[in-house]
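# Quick one: sequence plus predicted model below, questions after.
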Amino acid sequence: MSTLPAIHPRIAVSGISSFRWTLDEDVAFLAGLGVGAVGVLSSKALDDPAAAVAPIRGAGLAASCVTAAAAAANLIAPPDAQGSPALRILKPHIDLAAALGGVPCYFTSGVTPPRMPTDEAFDALVTALPPVLDYARAQGVPLALEHNNTSTRHNGFVHSLRDGIELSQATGIGVCLELQNCWTERHLPEMFREHVGRFAVVQVSDYLTGETAQLNRRVLGDGSIPLEWLLGHLLDAGFAGYFEIETLGPAIEAEGYAAAISRSVAWLNERLVRWGV
């Protein structure tokens, strides 16, 4: 593998892009590639959070965020004798984000009881989030919710960017903006301009229309999403954080993580450098 020169400092790669690798493998590969930041998938680190911090720092990398691997959890359950179920679920992930330097921690809205209407679930989440947000603020961790794809309803019920923004307005939580999950929405440039300050994480992937959307993405530039247009409008809106590559699915597994990540990094790097970002 050849090392790419001068990787743009605003490029990060999520550990989801190398789902079956360990965190040590993620760090070693990205450091060798010249990428400066890794998105930490919490399932790779929660067994020993202290041990997870050391290799990242030792390699000279930053953590762009923590992905809370809690999609199968019920975050909207009412308080019980032990307090907030949502806080119990998310606390270890928030603590990991704090140990990594107070980086954003994001999650999806989780499961719902059978046949619960989305409005009811949304209202229950608004009610459940305050103790989680209070704890995250006390730890210095920005908290964000990802609007997940409708094909993964079993992982969450907040699907559109517009609904993610509405949740942010209602609770103060940030937004994890996933481009594959919102690229078909209307009025995106306006939403970017008006709400860019809410975007704690921006995740970049591609998707080829006609294929299943469930856990199925492509290397940047291999799909149908107008990525340059989206990235340009995010930059015009003033977004100043990481662009985190998050790819997964059959095409990524077939190509192999190293090759797929390298090509996505090269695609994004060429554009950020050319645009003078």
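Structure received.
# what are the phi and psi angles of Glu246?
phi -140, psi 100 (degrees, to the nearest 10).
# ok, it touching Ser205?
Yes. Counting by Cβ atoms under 8 Å, Glu246 touches Ser205, with 5.4 Å between them. In this view, the C-beta of every residue, glycine as well, is placed from N, C-alpha and C.
# For the two, list the residues in contact with both.
Residues within reach of Glu246 and of Ser205 at once, by Cβ atoms under 8 Å, 6 or more residues apart in numbering, are 178, 217.
# Check which residues of stretch 42-60 are buried.
42-46, 49, 52-53, 55-56, 59 (16 or more other Cβ atoms under 10 Å).
# tell me which of the residues you listed is nearest to Tyr257?
Lowest distance from Tyr257 to the buried residues of stretch 42-60 (Cβ to Cβ) belongs to Lys44, with 13.4 Å.
# Any regions of this structure where pLDDT drops low?
Across the chain, residues meeting the criterion (pLDDT under 70) sit at 1-5.
# ranges for the strands of it?
11-14, 37-41, 62-67, 105-107, 143-146, 174-178, 199-204, 243-245 (DSSP state E).
# So in that sheet, which strands flank the fifth one, and in what orientation?
It stands for strand 143-146. Strand 143-146 has these partner strands in its sheet, going by DSSP bridges: strand 105-107 (parallel), strand 174-178 (parallel).
# Put the alpha carbons of that strand into CSV.
Extracted in CSV, the C-alpha atoms of strand 143-146 (Å, rounded to 0.1, in the frame of the first residue of the first chain):
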residue,chain,number,x,y,z
LEU,A,143,-24.3,14.9,21.9
ALA,A,144,-25.9,14.4,18.5
LEU,A,145,-28.6,12.2,16.9
GLU,A,146,-28.2,10.6,13.5
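# So which residues of the stretch 1-150 of the chain form helices?
With DSSP state H, counting those that start in this stretch applied, the stretch 1-150 of the chain shows helices at 23-33, 49-58, 85-99, 118-138, listed in chain order.
# between the shortest one and helix 85-99, how many degrees?
Taking axes from the mean of the first three to the mean of the last three Cα atoms, to 10 degrees, helix 49-58 and helix 85-99 form an angle of 40 degrees between their directions.
# for helix 49-58, packing partners?
Using 3 or more Cβ pairs under 8 Å, 6 or more residues apart in numbering; DSSP states H and E, the elements in contact with helix 49-58 are helix 23-33, strand 37-41, helix 85-99.
# Tell me which of the ones you listed sits most buried.
Most buried of these, by mean neighbour count (mean count of other Cβ atoms under 10 Å): strand 37-41, with a mean of 26.
# name the helices or strands packed onto it?
Contacts defined by 3+ Cβ pairs under 8 Å, 6+ apart place strand 37-41 against strand 11-14, helix 23-33, helix 49-58, strand 62-67.
# Not counting that strand itself, show me its contacts.
Contacts of strand 37-41 (Cβ under 8 Å, 6+ apart): 11-16, 19, 23, 26-27, 30, 52, 56, 61-67, 69, 96, 100, 201, 242, 244, 246.
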